[in-house]
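Chemist: Make a model of this:
(chains A and B)
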Amino acid sequence: GAVVSQHPSRVICKSGTSVKIECRSLDFQATTMFWYRQFPKQSLMLMATSNEGSKATYEQGVEKDKFLINHASLTLSTLTVTSAHPEDSSFYICSARDPQRGLNTEAFFGQGTRLTVV
Amino acid sequence: AQTVTQSQPEMSVQEAETVTLSCTYDTSENNYYLFWYKQPPSRQMILVIRQEAYKQQNATENRFSVNFQKAAKSFSLKISDSQLGDTAMYFCAFMKGSGNTGKLIFGQGTTLQVKP
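Modeler: Below you'll find the predicted structure:
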């Protein structure tokens, strides 16, 4: 299947600093990527849709200025958590579809990033 | 707005037996897609099975099959001959939108424990 790689897998940062998470499609080009947040033993909550070459579309209630998304190329989307605080600690997951496989196909997910803000 | 509901937070099954996970959803759309994803302890999301709403035939993938009841807006997952490796959190998902921009809306998840 198509591969989506996420980096880093784990990161610990100090409160007030920013941290960047990368999501790469390794063997396909993705004009659209999705960012999710997951708390322990809970569901995946969609945060935003990342669009290559244009602004991301954020879900209601997600702070655009805190969660900066950049989709500068067809294989890379980044999520930057700015001025992180302990409440931002969570598991962040990205996903994308391979357009070559046809429309409405499965989404492939990155391995996820566990962010801990201390 | 579309919603997905999984009413079983936790379930357990003995190895080699069969278990059914429930999922209901609410939508006003006629064409959509439904998925079951598995999230093992590694937390990597893995597609288990997929169903197109316009297809009446229930999808099957080896030991996994679904019971899709469109009128009732129900989409349950049956796992036959359960294996220890099936232990994971299972998420039912509805795809909103279409093409590569379609958003996945997830249910709350069901944690399945397969016991030896």
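
Chemist: quick one, what contacts the residue of chain B found nearest chain A?
Modeler: Closest residue of chain B to chain A, Cβ to the nearest Cβ: B:M45 (3.8 Å). Every residue, glycine included, has its C-beta placed from N, CA and C. Residues near B:M45 by Cβ atoms under 8 Å, 6 or more residues apart in numbering or on different chains: A:44, A:93, A:95, A:109, B:37-39, B:91.

Chemist: Try it again at 10 Å.
Modeler: A:4, A:36, A:38, A:44, A:93, A:95, A:106-112, B:37-39, B:89, B:91, B:93, B:104, B:106 (Cβ atoms under 10 Å, 6 or more residues apart in numbering or on different chains).

Chemist: same check, this time on B:S74
Modeler: B:S74 sits next to B:22-25, B:66-68 when contact means Cβ under 10 Å, 6+ apart.

Chemist: in its sheet, what does the longest strand along chain B sit against?
Modeler: Criterion DSSP state E: the longest strand present in chain B is strand B:88-96. Strand B:88-96 pairs in its sheet with strand B:33-39 (antiparallel), strand B:103-106 (antiparallel), strand B:110-115 (antiparallel), by DSSP bridges.

Chemist: in chain B, which spans are strands?
Modeler: Counting by DSSP E, chain B has strands at residues B:3-5, B:10-14, B:19-21, B:24-26, B:33-39, B:46-52, B:60-61, B:64-69, B:74-79, B:88-96, B:103-106, B:110-115.

Chemist: Next: chain A.
Modeler: Assigned strands in chain A, in chain order: A:4-7, A:10-13, A:19-25, A:32-38, A:44-51, A:57-58, A:67-73, A:76-81, A:90-96, A:108-109, A:113-117 (criterion: DSSP E).

Chemist: right, and those - which one's nearest chain B?
Modeler: strand A:108-109 (3.8 Å).

Chemist: now for the closest one, which elements pack on it?
Modeler: Here strand A:108-109 is seen to pack against strand A:4-7, strand A:90-96, strand B:46-52 when contacts are counted using 3 or more Cβ pairs under 10 Å, 6 or more residues apart in numbering or on different chains; DSSP states H and E.

Chemist: Quick one: residues contacting the nearest residue to A:H7 once chain neighbours are set aside.
Modeler: Leaving aside its sequence neighbours, A:H7 sits nearest to A:E22 (Cβ to Cβ, 6 or more residues apart in numbering or on different chains; 4.8 Å). By Cβ under 10 Å, 6+ apart, the residues touching A:E22 are A:5-8, A:76-80, A:94, A:110, A:113.

Chemist: wait, which of the residues you listed is closest to B:N31?
Modeler: A:C94 (26.3 Å; Cβ to Cβ).

Chemist: what's across from the closest residue to that closest one other than its chain neighbours in the sheet?
Modeler: Once flanking residues are discounted, A:C94 sits nearest to A:C23: 3.5 Å by Cβ to Cβ, 6+ apart. On the basis of DSSP bridges, A:C23 is bridged to A:Q6, A:S77.
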